[in-house]
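K.L.:
got a predicted model here, sequence first, then my questions.
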2 protein chains.
Amino acid sequence: MAPKVSAEYMRERRGEILDAATKVFSQKGFHVATLDDISTEADVSKGSIYIHFESKEAMIDGLSQLWQTIDDEVFETAETMPRAIDGVAHVVKATIRRSQRADFKDSIRLGMFVWAEVLINPAVRKSQSKLGEEWARRFTALVQSARDQGGIGPAYSTDSVISFLGSLGGGYFLSRGVWDANPDLADAEKLVDSFIEGLSQG
Amino acid sequence: MAPKVSAEYMRERRGEILDAATKVFSQKGFHVATLDDISTEADVSKGSIYIHFESKEAMIDGLSQLWQTIDDEVFETAETMPRAIDGVAHVVKATIRRSQRADFKDSIRLGMFVWAEVLINPAVRKSQSKLGEEWARRFTALVQSARDQGGIGPAYSTDSVISFLGSLGGGYFLSRGVWDANPDLADAEKLVDSFIEGLSQG
């Protein structure tokens, strides 16, 4: 019994530290935040933190794995849709909806610091590239299927559609993260549908 | 004669310091970069820098004024177009094109750090809010005119169209800034046109 309880305990502590890290990073920024701040917020000793994470970068890596599971769920739903173009729309709408989730606000603010950190910190760049490449791989497959089914006309290249929709989703995250923009979600989804409908005629 | 030459000399030094700041910030990030780094890059003494800028924040404010003149030019062209919807398209396409300009790459990288800094630094937030509010004011007027002329149907609110197109533009900046994405500009413009054409039918 003992090792099982211990593993669960470890998993819980790890989760609590990542929650504390999200809160501290989102308030102070990746650079200003210290492991001391995070140990205070999580109410665990700095030594205990080191058992789970050797650095702030390792925490971003841990958070990226959680974000990956959210992406995975979105793609799993999208990939079961009979019309791949509906799957494409689902991914974009899920991104926009996620940008507005109240319980995800700290993560989105943190995301702004992480994107900046990608530019100067190889460890952060590595975890974010992994996340980005997995997203691109699955989204490309969906867009390609949508094209094969006639949901996207020949006028628009797969890469261009991915750039457009990826930028759109990232941009909603950006406006929420930096400016706390609060768009009408139903309207945003209608606009995505209108755009995606137009793709079949291109 | 003397004061005139001196004013021009001051303006040139100021411009050189801002160029150096852009380069240093874009390579090291806003937090890691120091005034020493910038004085080395600009090849002027730290004392000379203080004549022009009292802080890194004051440099971001100075750069924001330059970015404002670029926005102003884009809007001046857009606002002279007989069909306001063409003006809306012009602003979005100009944003996307600007995100890809080779001579603007350091500024775009710097922009990622500035967006993160907005969240924790009131002085940076102030200069960026001013820029953002002026952009929103002029873009809202264009979208409103396009609606009055029938270029945007009643199904889509002005705010939603602004959120969508603002996010799209910001997102192209983001993907260039963080990931150095390099989309096909002609295709991106075709997709913007397709989306905007759909708005009249909403």
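P.N.:
Sure, I can see it.
K.L.:
how is chain A divided into domains?
P.N.:
Annotated domains of chain A cover A:1-54, A:57-199 [automatic domain parsing].
K.L.:
now the helix or strand hosting A:Y172: buried residues?
P.N.:
Here A:Y172, judged by DSSP states H and E, is contained in helix A:158-179. Buried residues in helix A:158-179, counted by 16 or more other CB atoms under 10 Å in any protein chain shown: A:160-179. In this view, the C-beta of every residue, glycine as well, is placed from N, C-alpha and C.
K.L.:
which secondary structure elements does it contact?
P.N.:
Applying 3 or more CB pairs under 8 Å, 6 or more residues apart in numbering or on different chains; DSSP states H and E, one finds that helix A:158-179 contacts helix A:84-100, helix A:105-118, helix A:122-148, helix A:185-199, helix B:105-118, helix B:158-179, helix B:185-199.
K.L.:
ok, the residue nearest to the spatial centre of chain A - contacts?
P.N.:
The structure's chain A has its C-alpha centroid closest to A:W67; by CA atoms, centre = their mean the separation is 5.0 Å. Listed by CB atoms under 8 Å, 6 or more residues apart in numbering or on different chains, the contact set of A:W67 reads A:S107, A:L131.
K.L.:
and the helix or strand that contains A:Q65 with helix A:122-148, angle?
P.N.:
Applying DSSP H and E as the criterion places A:Q65 in helix A:56-79. Helix A:56-79 and helix A:122-148 are oriented at 10 degrees to each other (axes from the mean of the first three to the mean of the last three CA atoms, to 10 degrees).
K.L.:
pLDDT below threshold where in chain A?
P.N.:
For chain A, the stretches with pLDDT under 70 are A:1-5.
K.L.:
my read: A:S99 touches A:R176, true?
P.N.:
Yes - using CB atoms under 8 Å, A:S99 is in contact with A:R176, at 4.5 Å.
K.L.:
neighbours around the nearest residue to A:S55 once chain neighbours are set aside, how many?
P.N.:
In space, and not counting its chain neighbours, A:S55 is closest to A:A123: 7.5 Å by CB to CB, 6 or more residues apart in numbering or on different chains. Neighbour count for A:A123, taken as other CB atoms under 10 Å in any protein chain shown: 14.
K.L.:
gap between A:A123 and A:V114?
P.N.:
Per CB to CB, to the nearest Å, A:A123 is found 11 Å from A:V114.
K.L.:
between these two, which contacts overlap?
P.N.:
In terms of CB under 8 Å, 6+ apart, A:A123 and A:V114 are both contacted by the residues A:I60.
K.L.:
returning to that earlier point: now the helix holding A:Q65 and helix A:105-118, what's the angle there?
P.N.:
Counting by the same axes, to 10 degrees, helix A:56-79 lies at 110 degrees to helix A:105-118.
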